[in-house]
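Asker: When you get a sec, could you give me coordinates for this:
(chains A and B)
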2 protein chains.
Amino acid sequence: MRTAPGHMHRNERQPAILVGVDIGGTNTMVGVMDAAGTVLRQSAFPTNPSLGSSAFVERLAQEIISLLPEAGDATTLSAIGLACPAVNAREGIVDNPANLGWGRVDLAGLVRQHFDVPIALLNDGDAAAFGELTFGVARGLHNVVMLTLGTGLGGGIVVNGELVRGSNGTGGEIGHIIVVPGGRLCNCGRRGCAETYISATGVCRTAAELLGIQTIDSALRDLSFREMTAAAIFELAAKGDPLARMTYDQTGESLGTLLANLAAVFDPDAFVLYGGLVHAGDLLLSPTIRAFRSNVLDRYRNTVKILVSDLNDGRAPILGAGIFAHRSVAAGQHHTTSVFQGGTHE
Amino acid sequence: MRTAPGHMHRNERQPAILVGVDIGGTNTMVGVMDAAGTVLRQSAFPTNPSLGSSAFVERLAQEIISLLPEAGDATTLSAIGLACPAVNAREGIVDNPANLGWGRVDLAGLVRQHFDVPIALLNDGDAAAFGELTFGVARGLHNVVMLTLGTGLGGGIVVNGELVRGSNGTGGEIGHIIVVPGGRLCNCGRRGCAETYISATGVCRTAAELLGIQTIDSALRDLSFREMTAAAIFELAAKGDPLARMTYDQTGESLGTLLANLAAVFDPDAFVLYGGLVHAGDLLLSPTIRAFRSNVLDRYRNTVKILVSDLNDGRAPILGAGIFAHRSVAAGQHHTTSVFQGGTHE
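Answerer: Prediction:
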């Protein structure tokens, strides 16, 4: 791809240094990594989406430079992978991400103004799935449904060893399956989307609803809605607060029912759960598994695995975005869908 | 695969004669076809699933022999494809089909006792999708969700040009997505499955519920539940019976909402609707499209096509099963997933 002699010389002597970026509604994670999946340096900064996409990219560029080895020498860099919600992979743009409010943005183009290297853009759920299948608990599997439980609910789906991208490259939006017709208003403008229930913000909304529906006492009655976080509600639940526990029970029930429906459609080897909300552990997973078993078709009850990612600290989408960029360069294009090196699968 | 000189000689002189079979909960359709997709002869007989799978296969064998050219000469036959609900493609068996009640059956093995040719078994929804993508309205598309609206609701999903089979080969069961938690009891033992609403039996169940909920007069009030059929309710709706119309409105609303959710997950080029219920035409399609548009993510509202199959008289799964068998023989195996000849795709 890059034919300048100096560049070729460099590539022969040095291993590829990659950057993987995961742009979330709240925070953006940046990692510098090698192609073997070792994260060399990593940091995070607040996304502040309301400042706009240009201001965001300026901030991102600073962050990447500060993380690069050799005092910010960007010539050591071989590719950047950007994981973002609502990526239209066919057009290579970010298209109206509900939690960022940026409209249609050529995010890779903006980043390219700062770094003269190939930039690959992919959906955040897809990035997490790529990371998990390459370096995580889903290594070697060919049919996987990954759910990223953060501010929103993202999805990355692998069928026959390939990502489900769809006609416009915007497939896999598990968070926008309507699970309660006429239910909670979603940032996408519709009602009852899964991410309004099964996400960090969904946990807070469930807690607020339960404060209204139930009469039981709870420390949550002392918090304003703005003060609530999924982490704070988890802390209370872990201490035995009954309304906080009920909140996680309901969240798990919604998640388990969703997984049961996805099992009927995908017959996956495994589900992989990823993201901040999964740190709630058994408080979330026990009701999830209970609801999954009572709602899934008999034949999947004891066969489909529900795995929790062990790529902590945001590493699944970072590693996935970085390795996706690396493979896109190797394949000479930016629309790789195969999860497996070389693009072959059974 | 077949190396006896006589056979090879025959294959060189005669075009391949294939049989495609579609086993439904009510009727079984049998077609004799060539590899170019021309149905030469076709017939149907009642499945009578309660007589058991062995009695069914005896009846099926008679039917196939009676349809073969040259006075039942089975030596002209090159392969048989069997489309059936609840096929476990990995094990090559039919696994507890809800509408047949046969338990686990090696259906291909039973048919092979009658015909010494390769027998391929595949899910009925997959067969319909194969037929539609090879010979029907979905020709040339790579991301398609097919719904077969018959006694039950089947699905055949194509992603990146390949069928979604899943880990056990039982994926694509769109009819068993739970669309109403705690809703109607399904033959699978669970509640609220899509096929209890969006199918011929679902139409009758909706009519019965509406007779209880509404007070409006209707000719449906003169029919016992056992006398009701989706076709009879359609006839009344077409004549303006308000409760019959309401029944199809609700069915379309359920269908359109389901399609909206599937769009978020698959971002398909098109949906293809197939099966007896689709003959209701605009009485079903108008409320379907309305519900789809009001429930789908903005970006898909005007881009995803909702196509109605033009392979009438049961030909989509017959052609799909026959051509699947043909390609499985050509590929030297019985687990082909690629919809495209030669197994290549973009």
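Asker: With adjacent residues omitted, what lies nearest to A:Tyr248?
Answerer: A:Leu283 (4.5 Å; C-beta to C-beta, 6 or more residues apart in numbering or on different chains). C-beta: built from backbone N, CA, C; applies to glycine.
Asker: Could you confirm that neighbour falls within a helix?
Answerer: Yes: with DSSP: H, G, I helix; E, B strand; the rest coil as the criterion, A:Leu283 is located in a helix.
Asker: residues touching it, list them.
Answerer: A:234, A:237-238, A:245, A:248, A:252 (C-beta atoms under 8 Å, 6 or more residues apart in numbering or on different chains).
Asker: now do 7 Å
Answerer: Neighbouring residues of A:Leu283 by C-beta atoms under 7 Å, 6 or more residues apart in numbering or on different chains: A:234, A:237-238, A:245, A:248.
Asker: between these, which is closest to chain B?
Answerer: Chain B lies nearest to A:Tyr248 out of the contacts of A:Leu283, by C-beta to the nearest C-beta, at 18.6 Å.
Asker: how far does stretch A:136-149 sit from the chain's center?
Answerer: Averaging C-alpha positions (C-alpha atoms, centre = their mean, to the nearest Å) puts stretch A:136-149 12 Å from its chain's average.
Asker: tell me which residues of that stretch are tucked away?
Answerer: Of the residues in stretch A:136-149, A:136-138, A:141-149 count as buried by neighbour count, 16 or more other C-beta atoms under 10 Å in any protein chain shown.
Asker: can you narrow the residues you listed to ones near chain B?
Answerer: When contact is defined as C-beta under 7 Å from any C-beta of the partner chain, these meet chain B at A:Asn143.
Asker: Farthest pair within the buried residues of stretch A:136-149?
Answerer: Spatially, the most separated pair among the buried residues of stretch A:136-149 is A:His142 and A:Leu149, at 23.3 Å (C-beta to C-beta).
Asker: Would you mind checking the contacts of A:Leu283 for buried ones?
Answerer: Looks like the contacts of A:Leu283 have A:234, A:237, A:245, A:248 buried, using 16+ other C-beta under 10 Å.
Asker: With pLDDT and secondary structure added, can I get these in TSV?
Answerer: Converted to TSV, these look like this (pLDDT from 0 to 100; DSSP: H, G, I helix; E, B strand; the rest coil):
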residue	pLDDT	secondary structure
A:Phe234	97	helix
A:Ala237	98	helix
A:Arg245	98	helix
A:Tyr248	98	helix
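Asker: so which of the residues you listed comes closest to A:Leu18?
Answerer: Scanning these for proximity to A:Leu18, where the rule is C-beta to C-beta, the winner is A:Phe234, at 33.3 Å.
Asker: The closest one and A:Ala280 touch, don't they?
Answerer: Yes: the criterion here is C-beta atoms under 7 Å, and A:Phe234 meets it with A:Ala280 at 4.8 Å.
Asker: ok so, going back, inside strands: which ones of the buried residues of stretch A:136-149?
Answerer: Secondary structure from DSSP state E places A:144-149 of those in strands.
Asker: Which residue ranges of the stretch 1-150 of chain A form strands?
Answerer: Listed in chain order, the strands found in the stretch 1-150 of chain A under DSSP state E, counting those that start in this stretch are A:17-23, A:27-34, A:39-46, A:77-84, A:87-88, A:93-95, A:104-105, A:119-123, A:144-149.
Asker: May I have the strands that pair with the first one, each with its orientation?
Answerer: Using DSSP bridges, the strands paired with strand A:17-23 in its sheet are strand A:27-34 (antiparallel), strand A:77-84 (parallel).
Asker: For the first one, what is the distance to the chain centroid?
Answerer: The offset between the C-alpha centroid of strand A:27-34 and the centroid of the whole chain comes to 13 Å, using C-alpha atoms, centre = their mean.
Asker: Give me the residues contacting it.
Answerer: Strand A:27-34 has contacts (C-beta under 7 Å, 6+ apart) with A:15-22, A:39-47, A:60, A:63-64, A:67-68, A:314-315, A:318-319, A:322.
Asker: I'd like the average pLDDT over that strand.
Answerer: Averaged over strand A:27-34, pLDDT sits at 95.
Asker: Please apply the same query to the last one.
Answerer: In this model, strand A:77-84 carries a mean pLDDT of 94.
Asker: Check which residues of it are buried.
Answerer: Across strand A:77-84, burial judged by 16+ other C-beta under 10 Å covers A:77-84.
Asker: which of those residues lies closest to chain B?
Answerer: Minimum distance to chain B across the buried residues of strand A:77-84 is 15.2 Å, recorded for A:Cys84 (C-beta to the nearest C-beta).
Asker: give the contact list for the closest one.
Answerer: A:23, A:94, A:97, A:107, A:121, A:124.
Asker: Which of those residues sits closest to A:His326?
Answerer: Nearest to A:His326, judged by C-beta to C-beta, of the contacts of A:Cys84 is A:Leu121 at 14.1 Å.
Asker: That closest one and A:Ile80 touch, don't they?
Answerer: No: contact criterion C-beta under 7 Å: A:Leu121 and A:Ile80 do not qualify, at 9.5 Å.
Asker: ok so, going back, nearest to B:Leu163, out of the strands of the stretch 1-150 of chain A?
Answerer: Among the strands of the stretch 1-150 of chain A, strand A:144-149 comes nearest to B:Leu163, with 16.8 Å by C-beta to C-beta.
Asker: what's that closest one in contact with?
Answerer: Here strand A:144-149 makes contact (C-beta under 7 Å, 6+ apart) with A:124-125, A:128-129, A:132-133, A:138, A:153-158, A:174, A:198-199, A:262, A:266, A:268-278.
Asker: repeat that for 6 Å
Answerer: For strand A:144-149, contacts defined as C-beta atoms under 6 Å, 6 or more residues apart in numbering or on different chains pick out A:125, A:128-129, A:132, A:138, A:154-158, A:199, A:262, A:266, A:268, A:270-275, A:277-278.
Asker: Specify the angle between that strand and strand A:77-84 in degrees.
Answerer: Angle, strand A:144-149 to strand A:77-84, by axes from the mean of the first three to the mean of the last three C-alpha atoms, to 10 degrees: 70 degrees.
Asker: Paired strands for strand A:144-149, with orientation please.
Answerer: Going by DSSP bridges, the partners of strand A:144-149 are strand A:153-159 (antiparallel), strand A:270-274 (parallel).
Asker: Let's see that strand as CSV, backbone CA atoms only.
Answerer: Provided in CSV are the C-alpha atoms of strand A:144-149 (Å, rounded to 0.1, in the frame of the first residue of the first chain):
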residue,chain,number,x,y,z
VAL,A,144,-21.1,-15.4,18.4
VAL,A,145,-23.4,-12.7,19.5
MET,A,146,-21.6,-10.0,21.5
LEU,A,147,-23.4,-7.4,23.6
THR,A,148,-21.6,-4.3,24.9
LEU,A,149,-23.4,-2.9,28.0
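Asker: show me what contacts the residue in the stretch 101-250 of chain A positioned nearest to chain B?
Answerer: Relative to chain B, the nearest point of the stretch 101-250 of chain A is A:Gly166 (2.4 Å; C-beta to the nearest C-beta). By C-beta under 6 Å, 6+ apart, the contact set of A:Gly166 is B:143, B:266-267.
Asker: now with 10 Å?
Answerer: Going by C-beta atoms under 10 Å, 6 or more residues apart in numbering or on different chains, A:Gly166 touches A:88-90, A:157, A:172-173, B:142-143, B:159-160, B:263-269, B:300, B:304.
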